[in-house]
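Asker: give me a model of this one.
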Amino acid sequence: MAKKILFIEDEPALQQTLVSVMQKEGFEMFSANDGKTALELLANEEFDLVLLDLILPKINGFEILQTMKKEGKNTQTPVVVLTNLETSADIQKAIEFGAMTYLVKANYELPDIVEKIKSFLK
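Answerer: Now for the predicted structure:
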């Protein structure tokens with residue numbers, strides 16, 4: 001059975017590109033382009049991994065992390081933060097709120113991100 005990944009990202013080009021690549025790799029991909037939609041999906045589906053941007057419309061990524069770890073079907077689901085926020089305070093806050101790891105978009109090429117995601121799901 002394919003691993004289910006929720007990708008929470010408000011940048012359409014990145015959303016479409018990564019979803020397409022991950023589907024070709026055999027993953028079942030779900031998308032949310034804002035925090036409200038993400039929380040609705042998290043309440044109704046179980047995921048093997050969540051890829052989370054922190055800067056989102058409606059509800060930000062930090063709030064999603066806090067909500068996820070307290071309630072719903074995905075309290076134990078690993079979360080990989082994929083964002084352009086790169087201050088040590090943001091990184092520390094995300095890890096404290098339950099993120100498994102923190103990737104700064106500008107520091108990675110798409111193939112690197114794909115390989116990291118695959119390694120987290122092994």
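Asker: and the residue nearest the centre of the chain, what does it touch?
Answerer: Closest to where the C-alpha atoms of the chain average out (Cα atoms, centre = their mean) is residue 51, at 1.3 Å. Neighbouring residues of residue 51 by Cβ atoms under 8 Å, 6 or more residues apart in numbering: 5, 6, 7, 8, 9, 18, 79, 80, 82, 117. Where you see a C-beta, it was placed from the backbone N, CA and C, and this is true even at glycine.
Asker: 10 Å instead, please
Answerer: Listed by Cβ atoms under 10 Å, 6 or more residues apart in numbering, the contact partners of residue 51 are 5-9, 15, 18-19, 22, 29, 31, 79-83, 103, 113, 117, 120.
Asker: repeat for residue 109
Answerer: Residue 109 touches residue 115, counting by Cβ under 10 Å, 6+ apart.
Asker: please redo it, this time with the cut-off set to 6 Å
Answerer: Residues in contact with residue 109 (Cβ atoms under 6 Å, 6 or more residues apart in numbering): none are found.
Asker: can you tell me how far it sits from residue 17?
Answerer: Distance from residue 109 to residue 17, counting by Cβ to Cβ, to the nearest Å: 12 Å.
Asker: before we move on, back to that, any idea which helix or strand carries the residue nearest to the centre of the chain?
Answerer: Here residue 51 sits within strand 49-52, counting by DSSP states H and E.
Asker: how far does that strand sit from the chain's center?
Answerer: Average the C-alpha atoms of strand 49-52, do the same for its chain, and the two points are 2 Å apart (Cα atoms, centre = their mean, to the nearest Å).
Asker: and for stretch 72-86?
Answerer: 5 Å.
Asker: give the rounded mean pLDDT of that stretch.
Answerer: Average pLDDT, stretch 72-86: 93.
Asker: show me the contact partners of it.
Answerer: Here stretch 72-86 makes contact (Cβ under 6 Å, 6+ apart) with 42-43, 46-47, 49-54, 68-69, 94, 99-105.
Asker: which of those count as buried?
Answerer: Burial by neighbour count, 16 or more other Cβ atoms under 10 Å: within those this picks out 42, 47, 49-54, 68-69, 94, 99, 102-103, 105.
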